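In: Have a look at this fold, sequence not included:
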C-alpha cells in the first residue's frame, strides 16, 4: 500500500507514546479498587477511535465494565471487518518479580527483541496488540486507503471471563453484523517464522473449598485425630492425574478429538528446539501427558492445572495449627468439542465424590468458554496469509494455540462469521507474568500487516 512504511516510520515515536499513555493506566478488571482506571481506559480508547477516523465511537454500558464500539462505513456494498480486542489487564502480582514498575512502561533490549521491547502490564495482552488495529485504521483513513467498512468492539472484561459480552453480542447483532472478525490476542512462532493461529483451547475455571473442623485446631492436641483439610486437598488434587499424567475424571476425554498422524506431522514442521525451550524456562526436563510432544501437549490436548492453593498459617515464623479450611483455584484447558459447562459438571461431581469422610467439599465454577478451530481454506485465512507474505516475505504457518479466547466460539454462534487470529506477540513475552513485554518491531510490524489484510480480504470477497 502506498506510503505505509514511510507513514509508520514518520509516526513511530507518536505511536509508541500513545501506547505508553494507555499502558500507564492500571485497568485491572479483576480488582474493584481499579474501577475508575478501567473506566478511564475505556474513555481513552473511544477518543483514539475517533482520532483514527471512525465516524462514530461510543461507550456502551453493560452490567459490568463498558464495551467501546466504533465504526466507519464507506460503502454498504463492501465487506465489513469487525475488530475485537480488550482494554483490561491482568493483576501485576507478584510485584517483587518485576524489574521495572508494571504501569511505568520502559523499553529494554532482550534476546528475542534486539530492537527493544516495551515492558509493562498489558503491553502484549492486549493493549499493544489491540492498539495496532487503531493505528492501522488511522493510516488507512488518513491516506484515503480504507478499502472496506470497519467496526471495533473493545471490551473491558476479557481477563475476568467476558461475563457481559455475550449479552451485548446477542442484543446488538445488527450493529455488529460483519463478514469476518479480526483479533490480535494471540502470538506467532518467531519474528522470522510468522504464523496464524487456527485453533484455540476452551476453558473451565473453578475454585474448590475443603472444610474440616469448625475452627482452626492445635496441631499437637488434634493432629492425627481429625482430617486436615490441607492434607486432604493436596491428596485430592494429586489424584486428578495418573502416572501417565492422564486426567482421571470419568468422561473427561469422551469428546476429545484425536488428530490424525498426518495432522500431527504437519504440526511438527513448526520449528521447535526442546533444549532452548528448557533453557528459557530454567528447567531440566519437560513434563506432561505420555505419548505427546511438548507442542502437542500445549495445544491439541486438554489439561488440568492448579493456579493457586492456600490455607492455614503462612505468616512469618511458626504457628502449629490444623486449618479449618483449604482452597485451590483450578483451570482446565479444553480442546474443540469438549463443552466447558459439561466438563465443569464432570469435575464438580468427581471432586465431591472423591472427598473422604470428615471433610465437606464445595466447588464454585468461575467462568469458561468453548474451543475453536478456523478453516485454512476460508477467504479470511487466505487474506491473512497473503498479508503476512507481503510484509514478512514468507508464507505463515497455521498453528493451534494452547490459550483460550472463549468469546470466539460465541461470535460464530451469534454473528455467524469466522474469526481470523493475527497475533504478533511471542510466547516469551511473559503475558500474565511479571515483566510482560511486547517487541517494538512486532508492534510496528502489526501496524504494517493489518492494512494488507483489509486490502486482500476486500479483493478476495469480490
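Out: Cool, got the structure. None of these values were measured; they are calculated from a predicted model.
In: domains of this structure?
Out: Following automatic domain parsing, the chain resolves into domains at 4-200+371-461, 203-256+302-368.
In: Could you pull up the mean pLDDT of the shortest one?
Out: On average, the pLDDT along domain 203-256+302-368 is 97.
In: wait, which of the domains of the chain is closest to residue 270?
Out: Ranking the domains of the chain by distance to residue 270, with CB to CB as the measure, places domain 4-200+371-461 first at 5.5 Å. Using the backbone N, CA and C atoms, a C-beta is placed for each residue, glycine as well.
In: about what we covered before: so which of the domains of the chain has the densest surroundings on average?
Out: domain 4-200+371-461 (a mean of 20; mean count of other CB atoms under 10 Å).
In: of all the domains of the chain, which lies closest to residue 283?
Out: domain 4-200+371-461 (14.3 Å).
In: and the closest one, average pLDDT?
Out: 96.
In: measure that domain end to end?
Out: 23 Å (CA to CA, to the nearest Å).
In: Dump the domains of the chain to a markdown table, plus distance to residue 283.
Out: Shown next, in a markdown table, are these (distance: least, CB to CB, whole Å):
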| stretch | distance to residue 283 |
| --- | --- |
| domain 4-200+371-461 | 14 |
| domain 203-256+302-368 | 15 |
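In: who are the neighbours in contact with the residue of the chain most remote from its centre?
Out: In the chain, the residue that sits farthest from the middle, by CA atoms, centre = their mean, is residue 221; the gap is 47.7 Å. Shown in contact with residue 221 (CB atoms under 8 Å, 6 or more residues apart in numbering): no residues.
In: about what we covered before: closest to residue 266 out of the domains of the chain?
Out: domain 4-200+371-461 (8.1 Å).
In: how distant is the closest one from the center of its chain?
Out: Its chain's average C-alpha position is 11 Å from that of domain 4-200+371-461, according to CA atoms, centre = their mean, to the nearest Å.
In: do stretch 184-204 as well
Out: With CA atoms, centre = their mean, you get 10 Å for stretch 184-204.
In: Can you measure across it, start residue to end residue?
Out: 22 Å.
In: And the residue farthest from the centre of the chain, how far from residue 322?
Out: From residue 221 across to residue 322, the span is 9 Å (CB to CB, to the nearest Å).
In: same check, this time on residue 441
Out: 54 Å.
In: now swap in residue 187 and tell me
Out: 45 Å.
In: ditto for residue 414
Out: Using CB to CB, one gets 50 Å for the distance from residue 414 to residue 322.
In: which element is the residue farthest from the centre of the chain on?
Out: Element membership for residue 221, per DSSP states H and E: helix 219-222.
In: Residue 259 too?
Out: Going by DSSP H and E, residue 259 is not in any helix or strand.
In: do the one 3 residues further on as well
Out: Following DSSP H and E, the helix or strand that holds residue 262 is helix 261-267.
In: got it, and residue 205?
Out: strand 202-211.
In: From the contact counts, what lies against that strand?
Out: Strand 202-211 sits against helix 229-238, strand 325-334, helix 340-353, strand 360-369, with contacts defined as 3 or more CB pairs under 8 Å, 6 or more residues apart in numbering; DSSP states H and E.
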